[in-house]
Every structure is written in structure tokens, then in C-alpha cells.
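[1] Sequence and predicted structure, then a few things I'm wondering about:
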Amino acid sequence: MKNRVVITGLGVVAPNGVGVPDFTKALKEGKSGITCHDNLKDFKFSCQIGGIPQISEEKKSQYFTDLQLRGFNSSGILYGCIAGIDAWKDAGFDMDSESQLDYDTGLIFGAATSGVEKFREAIYGVDDGNVRRLGSTVVLQTMTSGVSAYLSGMLGLGNQVTTNSSACTTGTEALLMGYERIQNGKAKRMLVGSCSDHGPYIWGGFDAMRVMTYKHNESPEEGSRPMSATASGFVPGSGAGALLLESLECALERGANIYAEVLGGEVNSGGQRQGGTLTAPNAEAVKRCIKKAIENSGITAKEIEVINGHLTATAKDALEIENWTNALNRSGNDFPFINSTKSMIGHCLAASGSIESVASIIQLREQFVAPNINCEDLHPEIEALVDSNKIPTEKTDFNFDIIAKASFGFGDVNACVIFKKFSD
Amino acid sequence: MTNDELITKLKAIIAPYVQDEKAFENLTEDTDFINDLKVNSANLVDIILDIEDEFSIRLENEDMEKMLDVKAAMLIINTKLNA
């Protein structure tokens, strides 16, 4: 008998809201977190807008010691630790540097790259022949598992502590890896999530690929337009999301607040076959991933009521919708509600899956479907597949039990997870 | 520079890395950075860099290996300053 797994804590650092209350409000209001960034303009980026969470110096010092902040220059680790600590506290646990080591709780916190600004400092230092003066902080902030190293030490976690990395699938994959570990009895609790740095050095490669929009430099809040006929590429974002997963047994035993149950999910790869490439998805694998997630959750496609899609605002949105309609064998008015959190926060890359999973849980918990902003002009290829009323542009109150969240990433990798409103 | 002046400067440099405030308050020439002040060993290199900046000297790997307590640090800094 496998353990049931529930979510008992949430934390989020998003461009349109830091902390669950602010992020919830932003989701309900359809608030954009996308702004213009002069440094992108100075660096001659095509896309000069992006999503960066607002963290004050005062807030930093609530989470980090002065010593930890000496020479600190890793926005991803900053966001990840804030989200992770918030999720931990939200679940009813304390942060205490003298706490007893907790062998029952582990951590899987994903990242794509870590501390890219710190890495830049180090490269300049090395190139100047000054490696001896880099100091002690370069490795810890630039190793991919840096966020997990910082966070696990702050919380004293003694089960598996690691970082996964699978491009834009990272956050959703982390969640499913933690879920499986609890399901299989290897841990009682897993703090899962992911984070992404912000700024020109992380976003530059995407700008060079011409996959980010250059058409909204004067109107940043209108820039991220998933599923819209005028979608013209994604808007880069950054931040972190974190969820505390716990075996149902443990959660009930300690009387924890239960947000939702993780029913199941699936992770796979299209192997860059059947039309899949390093950057494009193999549609067969995407559909299989969704179908398997449903099967593993012990439900049927008919039971899915809301979808939080990957939907980045590139030319691939219509293909994603087509894949959903085929995988669920539902279309038109029979299709579930679907939205893309990216319309408000941009594409937070490695952090997207975890921030959007948090968004999914918030919508499930508070029984609403967040608006797709900037989607008044639905793409005709999408409208041919799904009724426009299933793609709400206003906040829609809706009583529902099951939401599916999917993420797809470069390297032709896929992840899909199914969340259910908790009932014993 | 007198020994007292040197210790005052050293204390200011070490302060951010100290994990045992009580030992720091009672700092003497015999105080050990790691065993007494509980400085994370990884931070010793940061202390070295901060000393270099404060006194405009350069410390070599051999100096760093010896610089484990206040007395050794003072001796090495004085030697460099008088060189």
C-alpha cells in the first residue's frame, strides 16, 4: 500500500506577488508583474521587459544572516530560500538554527543554473589572474545545488537533499520526485520547489534565439500573451515556488492544515523523436505524459475540471492545446477550463513549474480560475479546438475538485501532475 | 602600530564571521579562530582577504596556513608591515 501524499505548506516569490497572500490577490486581480528593465535596453536586448520579484533589503535580512549576505549575489538562491522557508513555516514548523536534525524530511529544490551574476564575478576574477581573491562564496552560490545546500542547512533537513534540473519542467518534476519518495515510504515530508535567477545573463541566450517578444517594450504588462492571436514570444520571468509535501498519515497525526492532495503524475521525455527536437516537443510523448498522469492518479480524463497549462506565448501554444484535446479526448465546450499563469508573471523558466503549481493549489483551495490576461484576442487555431468560454479572461469563481498542471521543457522533457481538493 | 591598535583592527575584521559572541567579547592573543570563535573554516580565506585590504599587504598560502589564532595573525601582519 503506497502512502497518500498531501500538501501542507506553500511558499512563493513571484514577479506579481511575494508570499501566498499577495500572490493570491494578484492571481485574482489578474495583476501583471512584468515591467521594463533599463539594463536590458542598455545591453541592446530585443526584449527589454521581464518579471522580477520585489524583495527589500529588510526582507532579505529576515531570512538570511548578515554573514550569509556577505558577498551574496545569487537571485535564484535568494528567491528559493524565501519560498522554501515560507512553505516550511506555513506548514507549522519553526526555523531554528539549533533545531534537531530531522531525518524524516528531505528537500528536492530544482534550478537550471545558479548564481549567474556570481559566476560572472568569478570569471572576471579568474581572467584577471586574481583567482586567489575570489573568496569562499563562489562555489556555494554557483553550484546548481546551491539553493538546496542553503535551504537544507537553514531548516536542518536530514533526508535526501538534492537539486533536479530539467529546464522548464524542473519545478513540476521536483514535486513529482518528492511525491514518489513519500509515496514509497522513504521520507515523511519533502520540501519541493524550484527557482530561477533573473537578469541579462540568464535571459540573453533566449533573446538570441528570438523566442522572447520584442513587440511590447513600451507596454510591458501586455507583453505576455499566452494563447492570444497576437502572441509573439514569451516574456522572461524569475522567482521561486515551494510546496511542503507530507504523507497523509503524518499530516493527520499532527493536525496539519491540508491544502490539497497530490493524486499522481507522470514525467517522461519525447527523446527528440517523432518531431521532437532539443527545443520542440514530441507531441506523442506529451499526450502520453498527460494520459499516464491521469491513469496514475486513478481518475479519468472526464474528471479534470481545470488545467494550468505550460502555455508560454510562443507559436507552440496551439500545439499544446491540440495535445490536451487529444490526450483528454475532450474539446469545444466539453474541454476543462484552462489558464496560463504566465500571462501575469512571464515565463519563470526553471521556477515556472513550482510557481504555477502553487498557483494551481491556490485556485483549487479558493475555488476560482485565475484570468488569462492579454488573451482577449484568442488565437483562431485554439478557438477551433476549445470554446472561448473555457479560456476565461476574467477571474471565474468555480467549485471544482481536480486540477491538472503540466510543464514542458527544452530537451523534449515533460511533466504532468494532478491535484485534488482534499477529502478523507 | 601598537598591539592594542592592531587587535582593535583585527576584531573589526573578524566580527562578521564570529559564531561565538561570548568568546569574541573575551578575545585575547591566544584566541583561536576556529576552536574558540567557531568561525567556519571556509571563512578563513575571507578573513585573509579582508586583512589584505585593511593593511594593504599580500598574504601567501603559507601565511594563511599559519594564521589560526590572534597571536599568529598579529605576528604575520607585523612582519609584512615591517618588511
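    Sure, I can see it.

[2] Flag every residue of chain A that's near chain B.
    A:D66, A:L67, A:R70, A:G71, A:R133, A:G135, A:S136, A:T137 (CB under 8 Å from any CB of the partner chain). In this view, the C-beta of every residue, glycine as well, is placed from N, C-alpha and C.

[3] Show the buried residues in the residues you listed.
    A:L67, A:R70, A:G71, A:G135, A:S136, A:T137 (16 or more other CB atoms under 10 Å in any protein chain shown).

[4] Could you list which of those belong to helices?
    Judged by DSSP state H, the subset of those located in helices is A:L67.

[5] Looking at the buried ones among the residues of chain A next to chain B, which one is closest to chain B?
    A:S136 (4.3 Å; CB to the nearest CB).

[6] Return the residues in contact with that closest one.
    B:A42, B:N43, B:V45, B:D46 (CB atoms under 8 Å, 6 or more residues apart in numbering or on different chains).

[7] so what pLDDT did it get?
    A:S136 carries a pLDDT score of 95 in this model.

[8] At which residues are the helices of chain B located?
    Using DSSP H, helices in chain B cover B:3-14, B:21-25, B:44-55, B:61-66, B:70-82.

[9] And the closest residue to chain A within chain B, how close does it get to A:R70?
    Here chain B gets closest to chain A at one residue, B:A42, 4.3 Å apart by CB to the nearest CB. B:A42 sits 12 Å away from A:R70, going by CB to CB, to the nearest Å.

[10] can you tell me how far the residue nearest the centre of chain B sits from B:N61?
    Closest residue to the average C-alpha location of chain B: B:A73 at 4.9 Å, with CA atoms, centre = their mean. B:A73 sits 15 Å away from B:N61, taking CB to CB as the criterion.

[11] and if you look at A:G51?
    Separation of A:G51 from B:N61 (CB to CB) stands at 45 Å.

[12] Show me which of these two is the more surrounded one.
    Set A:G51 next to B:N61 and count neighbours by other CB atoms under 10 Å in any protein chain shown: A:G51 wins out with 27 against 8.

[13] what residues does chain B put near chain A?
    Of all the residues in chain B, those lying near chain A are B:P16, B:Y17, B:A42, B:N43, B:V45, B:D46, B:L49, B:E52, going by CB under 8 Å from any CB.

[14] For A:I77, see how far away the last one is.
    Put plainly, it is B:E52. Using CB to CB, we find B:E52 at a distance of 27 Å from A:I77.

[15] Please apply the same query to the fourth one.
    To A:I77, B:N43 is 18 Å away according to CB to CB.

[16] for the second one, same thing?
    With distances defined as CB to CB, the gap from B:Y17 to A:I77 amounts to 20 Å.

[17] of these two, who's got more company?
    Ranked by neighbour count (other CB under 10 Å), B:Y17 and A:I77 place A:I77 first, with 29 against 21.

[18] need the contact list for the more buried one.
    Per CB under 8 Å, 6+ apart, neighbours of A:I77: A:S114, A:G115, A:Q141, A:G146, A:V147, A:Y150, A:C195.

[19] secondary structure class for the residue nearest to A:E305 when sequence neighbours are not counted?
    Excluding the flanking residues, the one nearest A:E305 by CB to CB, 6 or more residues apart in numbering or on different chains is A:F400, at 3.9 Å. Using DSSP: H, G, I helix; E, B strand; the rest coil, the structure places A:F400 in coil.

[20] pretty sure A:G353 contacts A:S165?
    No. Using CB atoms under 8 Å, A:G353 makes no contact with A:S165, being 11.8 Å away.

[21] what is in contact with those two at once?
    Joint contacts of A:G353 and A:S165 (CB under 8 Å, 6+ apart) are A:G110.

[22] List the contacts of residue 70.
    Just so you know, I chose chain A. The neighbourhood of A:R70, defined by CB under 8 Å, 6+ apart, consists of A:T137, B:P16, B:D46.

[23] actually chain B
    B:V70 sits next to B:I7, B:L10, B:L27, B:T28, B:E29, B:D30, B:T31, B:F33 when contact means CB under 8 Å, 6+ apart.

[24] distance of the closest residue to the fifth one other than its chain neighbours from B:N78?
    I take that to be B:E29. Once flanking residues are discounted, B:E29 sits nearest to B:K71: 4.4 Å by CB to CB, 6+ apart. Counting by CB to CB, the gap from B:K71 to B:N78 is 11 Å.

[25] for A:P371, same thing?
    Counting by CB to CB, the gap from A:P371 to B:N78 is 69 Å.

[26] Give me the more crowded residue out of these two.
    Between A:P371 and B:N78, A:P371 has the larger neighbour count (other CB under 10 Å), namely 21 against 14.

[27] Please look at that one and A:T393 and confirm they touch.
    Yes. Between A:P371 and A:T393 a contact is recorded at 5.5 Å, counting by CB under 8 Å.

[28] In terms of helix, strand or coil, where does A:L78 fall?
    helix.

[29] do the same with A:S194
    Put simply, A:S194 is strand when judged by three-state DSSP.
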